[in-house]
Each structure stands twice: as structure tokens, then as C-alpha cells.
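> the sequence and its predicted three-dimensional model are supplied below.
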Amino acid sequence: MIKKLLLLSLICSSTIAMAQETDLFDLLDEDTSGSTVDASKVVYATFKGTQLINAATNETPGKGVLQYVIAHRFGSFGDEYLYNFFGLDNAQIRMQTDYGITDRLNIGAGRSSFLKVADGFIKYQLLQQQTGARNIPFSTTLHSSLHYRNAKYSDGVEHFTSDRLSYMHQAIIARKWNRQLSTLISPSIVHFNLVPTSNDPNTTAHLTLGGRYKFTNRIALTAETTLMSNNSYGVPNESLEVRHTVPMAIGVDVETGGHVFQFHLSNTQSMNAPYWMAQNLYDIRNGGLFLGFNISRVFTIRK
């Protein structure tokens, strides 16, 4: 399955690239003065935020911009929803701060209440979508993150620090088709140093598909889903159902000046990529749905 997903990712990327007449190295060529050979215009605001819902977008905050993100997931609809005050009693929260070193390079760190995971990440816009004489039909952003689980293990074993580490690496290929529609496809690799059972692979492949459709300048509909290579793993015996389920979400973005409010409904409670991508435990058919929101605020530190 990993090979199939990786092959699908390569085919999608290759198809997009081969459909264009311009060679990638030609696109990156510059003359001796430092300006591009042909006039072109960079396409900005493919997505309004650096996150679609759970998935990362191609966007970075910009040079000298500090961003603070707070994300919240209420409890599951299937877990005594009213008794738990509409899921609030079982809610999870994640806080993130990141900074734009340049317009294209972004670093950040976060902390989640889910398994008490701390994380750090880096994003770099390798290729920017452009129009004009030099046409670049899509953008490509590289994104890597490191995650450390602080929560205690229930097996009573004293685990090494390395057991608590997981990683995610991906290429985010995005395109703004017009003023209303933007899409992304993100082939990703997730690695856990320690997995729950011997049936679980340490390294898995994933393919995120997502999009945004703007109804007005400030309101947009968003959606995403992630294909996974390990949905048949984590099953102790043949009589049990598949444990890992495909993550999916739908939401609404509301932009108000320096804030972006993202309200959504998903079947994932974790907000750390390795866990919601590769170890999602919730099934919509069993009430595994979560209301949630992301709020981001940016501050210009230096110009």
C-alpha cells in the first residue's frame, strides 16, 4: 500500500509538471542583476491561513511576522455528548507560535493536550505559483515536523526518550485556480520510533487532498481528507475491525482583519500530524465526530 500511495503521489506530481511547457530549472533561472529573465507575477493568498483544517497549507506568515494559533477540539459526538456539555468536558487544545524568518521560510513550535505532545516544525516555499510571461502553475512547499510525546505510557515500562519521538515530512503542492477556488495535494511520510503493536509499521505513506472555495472576500468553505497506507494495521486478530480510519474534515473560514477563525467538523481529535494521519481511532459511523476551531493572529515584529 505504501508503494501504491507513493506511486500515486509521483504520478500526480509528474502529470502536473509534464503538462507545462516550461522546465523547472528555467523557472528558477535569474539574470546577473538578480531579477527574473521574464516579467511574472507571484500568486499570493492561495489559502488564507497556514492550516487548512488539520493539514498544513503552502502558506507562510511572511518575513518578520509572528503568528499565534490556538486550536480546539471538543469531545466526540459518540461519547455522552450532552452529559459532557456538548463535548467541552473532553476537549483537547493545541497552542502554536511560529515566525517568518523570510517571506518563504517559517519555523515554529507547539504544545497539545492530546498525549501532552510538544512539536517543532519548519516550512519552506520551494516554488511559488506565478502568472505572466513565466508561468508556474502551482506552488510547492516543503514541511517537516518533530513530535515528542510527554504523556506516560500505560504499559508500566520506563521508555527511552527516542521511543517518544515521531516525525512527519511532506511536500505541499497547491494551486490557486481563480479568486474562489484553491486546492492542494500533499504526499507525506510519517515515522514513529515506537508503534502500538508488532502489526503496525513504523513508517507509513499518506496523501492529503484538500481545497477551499470562497463565497465572499471573508468567508470560505474548506474540506480535506487523507489517504493512508496503514488502515489495515493495528488489528490484534482477524475478528476485530480495522482500527485506523481515514481522517476527513469540512469547515468554514471567517477572516476578520488580523484574525482568521476556522470552524470545522472532523473525525479526528489529535492536532499533531503523525497521530491524526497515521493513528486516527475514530469512525464517523460510530459517532466519531468532533466539532472544533482554529484561531490565528499575526503580529508584525519587523519589516
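On my side now, so go ahead. Numbering: from 1, shown residues only.
> check the secondary structure at residue 275 for me.
helix (DSSP: H, G, I helix; E, B strand; the rest coil).
> what are the ranges of the helices in the stretch 151-300 of the chain?
Applying DSSP state H, counting those that start in this stretch to the stretch 151-300 of the chain gives helices spanning 273-278.
> can you list the low-confidence ranges for it?
Residue ranges of the stretch 151-300 of the chain with pLDDT under 70: 232-242.
> if we use 80, what do you get?
197-199, 231-243, 257-258 (pLDDT under 80).
> can you tell me the closest non-neighbouring residue to residue 206?
residue 188 (4.5 Å; CB to CB, 6 or more residues apart in numbering). Every residue, glycine included, has its C-beta placed from N, CA and C.
> with residue 251 instead?
Counting by CB to CB, 6+ apart, the residue nearest residue 251 is residue 264, at 2.9 Å.
> residue 101 now?
Once flanking residues are discounted, residue 101 sits nearest to residue 107: 6.4 Å by CB to CB, 6+ apart.
> tell me the pLDDT at the one you found?
The model reports residue 107 with a pLDDT of 98.
> likewise for residue 37?
Value for residue 37, per-residue pLDDT: 46.
> in the sheet, who's paired with residue 183?
Using DSSP bridges, the bridge partners assigned to residue 183 are residue 175, residue 211.
> got the contact list for it?
Applying CB atoms under 8 Å, 6 or more residues apart in numbering, we find residue 183 in contact with 174, 175, 177, 209, 210, 211, 212.
> in JSON lines: these, plus distance to residue 146 and neighbour count.
Rendered in JSON lines, the data for these read as follows (distance: CB to CB, whole Å; neighbours: other CB atoms under 10 Å):
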{"residue": "174", "distance to residue 146": "23", "neighbour count": "25"}
{"residue": "175", "distance to residue 146": "28", "neighbour count": "19"}
{"residue": "177", "distance to residue 146": "33", "neighbour count": "12"}
{"residue": "209", "distance to residue 146": "25", "neighbour count": "16"}
{"residue": "210", "distance to residue 146": "23", "neighbour count": "24"}
{"residue": "211", "distance to residue 146": "28", "neighbour count": "19"}
{"residue": "212", "distance to residue 146": "28", "neighbour count": "25"}
